[in-house]
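S.K.: 3D, please:
(chains A and B)
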Amino acid sequence: MGSSTFRRGVGAALLAWAPAALVLSLQYRESVRLRTATGLERLQELEEELLETRGSFELREEAVFALLGEPLELEEVEDETFGEFLHRYQSELRRELEGSLREKSGLVLRRALLGDVDQDDLDWGTLPLPELVEGFLEEIPEEFHDQIIALTDPKVVAYESALGRAPASARALAEALRGSELLGEAEEMEGCLRIVAADGEVLISSFDRLLERHRLAPGVQVQGVASEGDLGDRELFAEGQNCLLTERELADGGRFLFGIPFDREWSEIRRGRFWRNVVLLLGVPLALLIGWGQSRPVHRFLETLRAAARRQQRGETRARLELYTADSDLAAATHTINDTLEHLEESARVLAQMGDSIAHDLRTPLSRLQGQLDLLRRQSGLQGDLLEGVQQEADQIIETFNALLRIAQVETGRKKQEFRPFDLAATVADVAELYAPVFVDKGIAFHFHRPGGEVRVLGDRHLWTQALSNLVENALKYTPAGGAVELTLEPLSPGGRILLRDNGPGIPESERDNVFRRFYRLPDHRGERGNGLGLSLVQAVCDLHEATITLGGSQGLTVEIRL
Amino acid sequence: MRILIIEDDESLATYIAQGLREEGHTAEICRDGQEGLGLAASEAFEVLIVDRMLPNLDGLALVKALRALGHTVPVLFLTALGDVEHRVEGLQAGGDDYLTKPFHFSELLARLESLYRRRHQEVPATVLRVADLELDLLGREARRRGRAIPLQTREFQLLEFLMRHVGQVVTRTMLLERVWEIHFDPQTNVIDVHISRLRGKIDRDFEKPLIHTIRGAGYVLREPSEAS
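M.R.: Numbering: from 1, shown residues only, chains lettered A, B, ... in the order given. Reported below is the predicted structural model:
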C-alpha cells in the first residue's frame, strides 16, 4: 500500500471522530468536576446547581448523551413513562452503534490485512448515527417536548450540526459553543478547540497550551494534521504525551478542530468509557502505523493479527492476541487491539442481555395467552381440532421462546459464576439412560460407551444435560429405524471428549457451519417439527465452557465435543 | 382447598382463580406483596401461589417473612424468572415448588394438589403399598401380589414417586424435575416411553392396572377401587 494513501486513511479515521471527541470532552469535564469536588463547599455548590438545573440542564445533557449513545441516568428523569422511552430508545441506539462499530472494525481489519485499505473503509463517520439521532428527535412523543429540550436549543443544534444532521454553519457552532461551559473547560483541561469559518476567519481558538506542549507551531502543524493527514506519530506520541486531534469539515466549508491531551491522570478518568473510545479511535490505525514502519517483527505481528481476525470471524470472541514482548511498540499495539476485542466481546454480551430482557417481558403476555386458552378449553367444553391446533401453536411459540431465552441466558456468560466441578461421566450416562428406551421404541440400536472412572470437569451440569439431550434428540429424529447410534465418552487430561455417531443422512459439509445458526433448518427438513434452535444452544453451551464442537462423518453424522 | 393467589397481573390472577373455583376450590386474589403477607399471615389458607415480582414486597421477601413468622403453609412460586438458580433461590427462601410462566393450568393444578396432599399425608415409611403393589424402600424391591418385579434404579425411583403421590395427577414436567432432575422440556416423549416400560413391568400381567393416563395432564397411580 502506498504510504500517503495509508496515512491519509489513518488521518481520515481520526478526523471522522469529531463527535466522539465531543463526547470525550463531556465525559472528561464530568470527571474533572467530580475530581475537584473536594470539601463540603463544593458539594453544596454542586447540590444547588443540581437543584437549579434539574429538569433543564441535566435533562439536556442526558439528551445529548442519549443522542451520542451514552448511558442515561434514569433517576434524573422524573416522568416514568418518558424514562422508559428514553431507556428503550437508548438501548436501540447503542445496539445499532455497537453493531455497526463491530462490523466496521471487522471490515477494516480484514482489508488492512489484505493490504487494501482505502479512505472509505476508515471513514468511521459513515456510521448511521445521524439517522438515529434524527429518529430519536422525531420519536419523542409530543407531550414530552417541554420536558426535555426545546428542539431549537442552540447547544443541541450545534451538536447535531457537528454530527452532520443539519446543515452546519461554523458561525452557528461557534455561537453556540461560545456561550457554553465547554470552552472554558476545554481550556481547563488543556485541550484545544478551534473553529474556522469558510472564509478563513478564526472564530474560536484556544490552542496554545496544547500546541506548546507538543511543540507544534500554531497554524502550520495543525494545518498539516488536518489537511494532509500527516499524524507524524513522533509528534503525537512523543515522551508519553499523547493527544488526540480531530478535525471535521462543516457543511458550510468551515472547519471544526478539537484536541485533548490524555497523557495525564489516566487512572482517574473513568476508565471504561474513555479508554473504550480511545481504543476504537486509535487501535487499528495505531497498530497499522507502527507495523508499517518496521518489517520482520511486524510480519510476525501481522500473522498473529491475521490469525486473531480469523478466529474472531469464527465467532471465537474470547480469542486475544498473544503478547509479543520483544518490541514495546508492538506490545502496546497488542494491548490496544486486545482491549478493542475485549470491548467487542462486551458489546456482544450487552446484546445478549438485551435479548434476555425482551424475552423476559414476553412471559407475561404469553402467560395470559395460555390462561385464556385454558379457560376457553374448559368453558366451551370443546376438544375440537381447532382449539387443539391453537393450543399446539401456542405450545410451539412458548417452546421456541423458552429455547431463545435459554440461549440468551447462556450467552451472557453469567452462568460461569455457577460453575462447579462435576462428573461428566454421570451426566452423559443420565442422558443415555433417559433416551435409551426411546431408541429401542424407534428400532434404532443405541450403544453407550463410558469410561471406568469419573470424568471431573468444571461447568454447569444442567446445561450439559440439555445440550447433550438436544444432540441425542437430533440423532433420534434423523436416524431411520434399523439404524445405529453410538455415544462415547473418553477421558482426556484434563476434560473429556464426547462422540455421538449416527448413520442417518448426515449434514453436507457446506451446511455444517450453518446448522449452528439460530432458526436455521436444513433445506430438506424445513417442514419438520422443531425450532431450529437445538444446535444453537449446544454451541452456546460449548462456548460458555470453552469447549469445541465439530461436525464430521461421511456416513451419517459424527458430533465431537472436547472440553 | 382454600388458596391465596398473590399475583399482580390482574388477568392472569383472574384466570387462575376462575380455574381453581371451577375445580371446587376457594381462591382469593391479592395484587400487592405487603398486603399479601398480611393476608397470608392472618388467615388460614391451605396453599399460597406467590409471584416472584410483586409491588411493594417481592415474593421472595414475602415468603421469607412468612416463614420467619412461623407459618408453614405450602408455597408455590410462580415466576417469569425460570432459571435453575432462581429456582434454587425460591426453594431456599422457603418455597415448596416453583412453576415458570407460561404454564398450563393442569400443570398448576397438579402441583397444588401435590403440595396440599404432601402436607397432609406424608408419613415416614419404609414400605409403600398401593393395592397389591408393594415397594420396599430399604430392600429396594418391588412386589406385586407377592411376586418380585425387577426394576432398574430409575424405574424404581419413578415408581416410588408415583406411589408417594398415589391418587394424584403427576405431570410429565413434575416427573422430569423430580425423578430425572431435568428442568427443560425434551422434544421427544421420553416420559411416555419410560412410563410405558414401567407399566409393562407392574401392570401388564395383572388384571387391574394401577397406572392411568390423564389426557392433557399426565399420569396417576391409584387404587383400582377409586372410580376414575
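
S.K.: and residue B:208, how many neighbours?
M.R.: 10 (other Cβ atoms under 10 Å in any protein chain shown). The way it works is simple: take the backbone N, C-alpha and C, and place the C-beta from them, glycine included.

S.K.: next: residue B:69.
M.R.: 10.

S.K.: quick one, what contacts it?
M.R.: Applying Cβ atoms under 8 Å, 6 or more residues apart in numbering or on different chains, one finds that residue B:69 lies in contact with residue B:41.

S.K.: helix or strand for residue B:173, which one?
M.R.: helix B:172-179 (DSSP states H and E).

S.K.: at contact distance from chain A, anything in the very next helix or strand once past that helix?
M.R.: Proceeding N to C from helix B:172-179, the next assigned helix or strand is helix B:190-202, under DSSP H and E. Yes. Counting by Cβ under 8 Å from any Cβ of the partner chain, chain A is contacted by helix B:190-202 at B:190, B:193-194, B:197.

S.K.: which of these tops the neighbour count?
M.R.: residue B:190 (24 neighbours).

S.K.: now do the contacts for the closest residue to residue B:4 other than its chain neighbours.
M.R.: Distance criterion Cβ to Cβ, 6 or more residues apart in numbering or on different chains; nearest residue to residue B:4, sequence neighbours excluded, is residue B:45 at 4.4 Å. By Cβ under 8 Å, 6+ apart, the residues touching residue B:45 are B:2-4, B:28, B:39, B:73.

S.K.: which stretches of chain B form helices?
M.R.: B:10-22, B:33-42, B:59-68, B:84-92, B:105-121, B:153-164, B:172-179, B:190-202 (DSSP state H).

S.K.: quick one: low-confidence parts of chain B?
M.R.: Applying pLDDT under 70 to chain B picks out residues B:82, B:120-123, B:226-228.

S.K.: got the domain ranges for it?
M.R.: B:2-121, B:127-221 (automatic domain parsing).

S.K.: could you single out the most deeply buried of these?
M.R.: domain B:2-121 (a mean of 19; mean count of other Cβ atoms under 10 Å in any protein chain shown).

S.K.: I'd like to know how far the spatially most central residue of chain B sits from residue A:395.
M.R.: For chain B, residue B:111 is the residue whose C-alpha lies nearest the centre (Cα atoms, centre = their mean; 3.0 Å). Per Cβ to Cβ, to the nearest Å, residue B:111 is found 18 Å from residue A:395.

S.K.: now for the residue of chain B found nearest chain A: which residues touch it?
M.R.: Relative to chain A, the nearest point of chain B is residue B:15 (3.4 Å; Cβ to the nearest Cβ). The contact partners of residue B:15, by Cβ under 8 Å, 6+ apart, come to A:368, A:371-372, A:374-375, B:105.

S.K.: mind running it again at 7 Å?
M.R.: Neighbour list for residue B:15: A:371-372, A:374-375 [criterion: Cβ atoms under 7 Å, 6 or more residues apart in numbering or on different chains].

S.K.: for the residues you listed, which one is nearest residue A:343?
M.R.: Using Cβ to Cβ, residue A:371 comes nearest to residue A:343 of these, at 43.3 Å.

S.K.: list the contacts for the closest one?
M.R.: B:12, B:15.

S.K.: quick one, grab the pLDDT at it.
M.R.: Looking at residue A:371, its pLDDT reads 84.

S.K.: picking up where we left off before, show me what the residue nearest to the residue nearest to the centre of chain B when sequence neighbours are not counted is bridged to.
M.R.: Nearest non-adjacent residue to residue B:111, counting by Cβ to Cβ, 6+ apart: residue B:97, 5.3 Å away. Beta-bridge pairing for residue B:97 (DSSP bridges): residue B:76.

S.K.: residue B:97 and residue B:62: what is the separation?
M.R.: On the measure of Cβ to Cβ, residue B:97 and residue B:62 end up 16 Å apart.

S.K.: residue B:192: what's it in contact with?
M.R.: Contacts of residue B:192 (Cβ under 7 Å, 6+ apart): none.

S.K.: cool, and residue A:471?
M.R.: Contacts of residue A:471 (Cβ under 7 Å, 6+ apart): A:500, A:538, A:559.
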